[in-house]
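Colleague: Sequence first, then the predicted structure, then my questions.
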Amino acid sequence: MEVELTTLLVLALVGLCAGTVDSIAGGGGLITIPALLATGLPPASALATNKLQSCFGSFAAVAYFFKRGLINLKQNKLAIACTFAGSALGTICVQFIDASVLNKLLPVLLASFAVYFLFSPRIQDEDSHQRLSHRSFAFVLGTAIGFYDGFFGPGTGSFFAIAYVSLLGYGMVKATAHTKLLNFTSNIASLLFFAFGGHVVWTIGFAMAVGQFIGGSIGSRLVLRKGVALVRPLLVAVSLIMSLRLLWQDHPEWFLWL
């Protein structure tokens, strides 16, 4: 696919904005996927190319958090493996199965997450009580959310963040760091299997990847500087925006009064 240089530059800027938001609260796909579809890419290619550029943003965030000692690879190695396997399976399935059925349930889940992030006293910078073992977390949540990310995707960051906070008792900054670790894992797995299917548009993906990498670096630094004061409101905002956008796609008539 031939793309004009100006289009690639615009997409790189889109990637920068999305990478910054995504490394803080997730939801970067809300920005990048519509932009990719606007170039004329079919949905499967848009999803696949989005995974390519997302890998760079999540990798930049993971590298920064790891250097600051916020990521425990040994403790989360099983979660990484389960997330990879789940994402790979989800990516294979989405190429044969219609994923639109998830649109009906997802807005409700995202709105519920927004309420949780807004009012729960457990959302803080310090760690709290752990309710689930890392092994159980890996097999159940890592596999399930990884599958979801490969199969559909929107809200994955919110799923991982709420799981780390509510089940493993991680503080908000630590949860964000590990969320990006598993996001990167699921992105890589999904990218590999989309690439096998021939859906990735590499020129566009690498152009956006430049912006994503810069944005991921910027956003991860903001997380450490501002902590829960920045992450909580952004998670609430992103979850609500994703919920409203999905509702608008399925039921535009509900928004006619606007």
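Modeller: All right, it came through fine.
Colleague: show me where the stretch 101-250 of the chain has helices.
Modeller: 106-119, 134-136, 143-151, 156-166, 172-196, 202-226, 228-250 (DSSP state H, counting those that start in this stretch).
Colleague: weakest of those in terms of mean pLDDT?
Modeller: Note on the helices of the stretch 101-250 of the chain: lowest mean pLDDT is at helix 106-119, with a mean of 66.
Colleague: related to what we said a few turns ago, quick one, which of the helices of the stretch 101-250 of the chain gets closest to residue 6.
Modeller: Each of these has some distance to residue 6 by Cβ to Cβ; the shortest is helix 202-226, at 11.1 Å. Every C-beta, even on glycine, is put in place using the N, C-alpha and C of the backbone.
Colleague: circling back to that earlier point, who wins for proximity to residue 77 among the helices of the stretch 101-250 of the chain?
Modeller: helix 134-136 (9.4 Å).
Colleague: what's the spacing between the closest one and its chain's center?
Modeller: On the basis of Cα atoms, centre = their mean, to the nearest Å, helix 134-136 sits 22 Å off its chain's mean C-alpha point.
Colleague: For that helix, name the packing helices and strands.
Modeller: helix 73-94 (3 or more Cβ pairs under 8 Å, 6 or more residues apart in numbering; DSSP states H and E).
Colleague: pLDDT on the helix it packs on, on average?
Modeller: The average pLDDT for helix 73-94 rounds to 94.
Colleague: how close does residue 148 sit to residue 186?
Modeller: According to Cβ to Cβ, to the nearest Å, residue 148 and residue 186 sit 9 Å apart.
Colleague: Comparing these two, which residue is more hemmed in?
Modeller: More neighbours surround residue 186 than the other of residue 148 and residue 186, with 31 against 21 (other Cβ atoms under 10 Å).
Colleague: does residue 3 sit in a helix, a strand or a coil?
Modeller: State at residue 3, reduced to three classes by DSSP: H, G, I helix; E, B strand; the rest coil: coil.
Colleague: just checking, it touches residue 39?
Modeller: Yes. The criterion here is Cβ atoms under 8 Å, and residue 3 meets it with residue 39 at 6.9 Å.
Colleague: re the thing from before, can you list residues touching both of residue 148 and residue 186?
Modeller: Residues touching both residue 148 and residue 186 (Cβ atoms under 8 Å, 6 or more residues apart in numbering) are 86, 156.
Colleague: now the closest residue to residue 203 other than its chain neighbours: how far from residue 20?
Modeller: Leaving aside its sequence neighbours, residue 203 sits nearest to residue 3 (Cβ to Cβ, 6 or more residues apart in numbering; 5.9 Å). Distance, residue 3 to residue 20, using Cβ to Cβ: 23 Å.
Colleague: For the two, indicate the residue with more neighbours.
Modeller: The residue with more neighbours, out of residue 3 and residue 20, is residue 20; 25 against 15, by other Cβ under 10 Å.
Colleague: So which elements touch the helix or strand where the more buried one lies?
Modeller: Assessed by DSSP states H and E, residue 20 sits inside helix 5-25. Contacting helix 5-25 under the criterion 3+ Cβ pairs under 8 Å, 6+ apart are the following elements: helix 29-38, helix 43-67, helix 156-166, helix 202-226, helix 228-250.
Colleague: try 7 Å this time
Modeller: Applying 3 or more Cβ pairs under 7 Å, 6 or more residues apart in numbering; DSSP states H and E, we find helix 5-25 packed against helix 29-38, helix 43-67, helix 202-226, helix 228-250.
Colleague: Ok, which of the ones you listed comes nearest residue 130?
Modeller: helix 228-250 (18.4 Å).
Colleague: Any idea how many residues pack against residue 245?
Modeller: Here the number of neighbours of residue 245 (other Cβ under 10 Å) works out to 15.
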